[in-house]
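Engineer: Got a predicted structure here, sequence first:
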Amino acid sequence: MSEPSTNGAPLWQGDPNGPALNALAQYTRDLSFENPNAPRSLTPQNKQPQISIQVNVGAKQLADADFEVELKLEGGAAIDGETLFAFDLTYCGIFRAQNIPPENLHPVIMIECPRLLFPFARQIVADAVRGGGFPPLYVDPIDFAALYRDRAGQFAQAPAQAQ
């Protein structure tokens, strides 16, 4: 008896009751690009701009196994304190996490889901910056595991500092 398949690819690999993470949807919740000093900011500059980027990840549970994960990228470029451009992107995904042990669920949602969203968000930022008249800004890859560990360390220290 053969396995059920779609276009020659199995519907599932291995144990059908094993851990699974599925991306159900991805979407831009909010996108803002500002070029406040145009057209002056579009003239060639002899100085290298200072680029700043902030990254935040958030998640909320929608159903027993479904989570909305939010990847927020904010940043911009400036020369001598004068803004060339600024952007703010909130890119989200709906993920279904099944058969993942409870102790692993939070790291999977906060590390793996944003890791899957990042390439799409990165391209949206690059396209917005290019559309604003600048060379595309390709955000460097982000180590979401390190970001998760840093945030977990901050939360662990917060009660100790409050005492």
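Structural biologist: Okay, I see it.
Engineer: what about the helices in this protein?
Structural biologist: Taking DSSP state H, the helices of the chain run over residues 102-107, 113-131, 144-162.
Engineer: State the distance from the residue nearest the centre of the chain to residue 53.
Structural biologist: Centre of the chain computed as the mean C-alpha position; nearest residue by CA atoms, centre = their mean is residue 71, 3.6 Å away. Going from residue 71 to residue 53 by CB to CB, to the nearest Å gives 12 Å. For every residue, glycine as well, the C-beta is placed using N, CA and C.
Engineer: Please enumerate the shared neighbours of these two.
Structural biologist: Residues touching both residue 71 and residue 53 (CB atoms under 8 Å, 6 or more residues apart in numbering): there are none.
Engineer: Based on its surroundings, how many neighbours for residue 95?
Structural biologist: 24 (other CB atoms under 10 Å).
Engineer: check contacts around it.
Structural biologist: Applying CB under 8 Å, 6+ apart, one finds that residue 95 lies in contact with 21-24, 66-69, 109, 113, 116.
Engineer: Any stretches of this structure with poor pLDDT?
Structural biologist: Residue ranges of the chain with pLDDT under 70: 1-15, 154-163.
Engineer: ok, longest strand in it?
Structural biologist: Assignment by DSSP state E gives strand 82-98 as the longest strand of the chain.
Engineer: how big is the angle separating that strand from helix 113-131?
Structural biologist: 150 degrees (axes from the mean of the first three to the mean of the last three CA atoms, to 10 degrees).
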